[in-house]
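Q: Let me see the structure of the following:
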Amino acid sequence: MCEYCGCQALPEIAELTREHDLVVNLIGDIRTAHRDADVPRMAWIARRVAAVLVPHTAVEEQGLSPPLAEEFPDGMAALRAEHRHVEAVLDEAAAGVPADPAWPRRLLDTLDLLRNHILKEQDGVFPAALAVLSTEDWEAMDAVRSRVGTMSPDFATTEFATEAGVDIDQHAGSQQDGPLTPGKAAS
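A: The predicted structure follows:
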């Protein structure tokens with residue numbers, strides 16, 4: 001991930017990056033669940049990814065993207081279209097395990113897209129924001145974050161575990177696959 005331009009020093013970008021890092025770890029957990037042919041666990045983790053992305057996407061689209069869209073309209077439109085695609089596939093698991101047997105493969109393909117999407121944002125969008133956004137733009141982004149919030153530090157672990165019938169301690173992440181439980185959320 002990008003660390004050469006200094007954008008990570010800004011709290012707004014640091015929080016978006018922290019959310020990206022959490023999503024990347026969850027992608028690893030979904031791949032492990034797929035390898036284990038555990039589609040219910042894939043769906044459960046997909047709901048966790050969606051929980052991270054709801055406020056994250058709002059901050060990007062309502063705070064970060066508008067000033068960048070003036071200078072990079074096609075790029076911002078493409079990223080918004082990718083957001084819609086990811087949301088649609090994750091939403092298939094919103095009510096439980098999708099009945100469509102093709103969903104696990106569709107989810108994995110979408111997670112590949114999401115991983116590349118994250119790299120585009122961290123290596124392109126975030127550094128561009130340093131050059132393009134004004135003080136007022138950063139303040140508007142802060143206002144969006146204040147309105148939509150972020151995921152809670154406990155990441156609704158108990159609720160998700162109960163819903164999925166999963167012993168969270170059993171799946172508390174390995175060094176190889178990335179943690180199922182997040183790090184401390186930023187204030």
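Q: Next up, the contacts around Leu90.
A: Contacts for Leu90 (Cβ atoms under 8 Å, 6 or more residues apart in numbering) come out as Ala46, Arg47, Val49, Ala50, Leu53, Leu107, Thr110. Yep, even glycine has a C-beta here, placed from its N, CA and C like the rest.
Q: In a markdown table, list these along with pLDDT, distance to Pro67 and secondary structure.
A: Below are the contacts of Leu90 laid out as a markdown table (pLDDT from 0 to 100; distance: Cβ to Cβ, whole Å; DSSP: H, G, I helix; E, B strand; the rest coil):
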| residue | pLDDT | distance to Pro67 | secondary structure |
| --- | --- | --- | --- |
| Ala46 | 97 | 31 | helix |
| Arg47 | 96 | 32 | helix |
| Val49 | 96 | 27 | helix |
| Ala50 | 96 | 26 | helix |
| Leu53 | 96 | 21 | helix |
| Leu107 | 98 | 33 | helix |
| Thr110 | 98 | 28 | helix |
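Q: ok, now which ones touch the nearest residue to Trp103 once chain neighbours are set aside?
A: Spatial nearest neighbour of Trp103, excluding adjacent residues (Cβ to Cβ, 6 or more residues apart in numbering): Glu92 at 5.7 Å. Residues near Glu92 by Cβ under 8 Å, 6+ apart: Pro98, Asp100, Trp103, Arg106, Leu107.
Q: Next one, pLDDT for the nearest residue to the first one once chain neighbours are set aside please.
A: In space, not counting the residues next to it along the chain, Pro98 is nearest to Glu92; the distance is 4.6 Å by Cβ to Cβ, 6+ apart. Looking at Glu92, its pLDDT reads 98.
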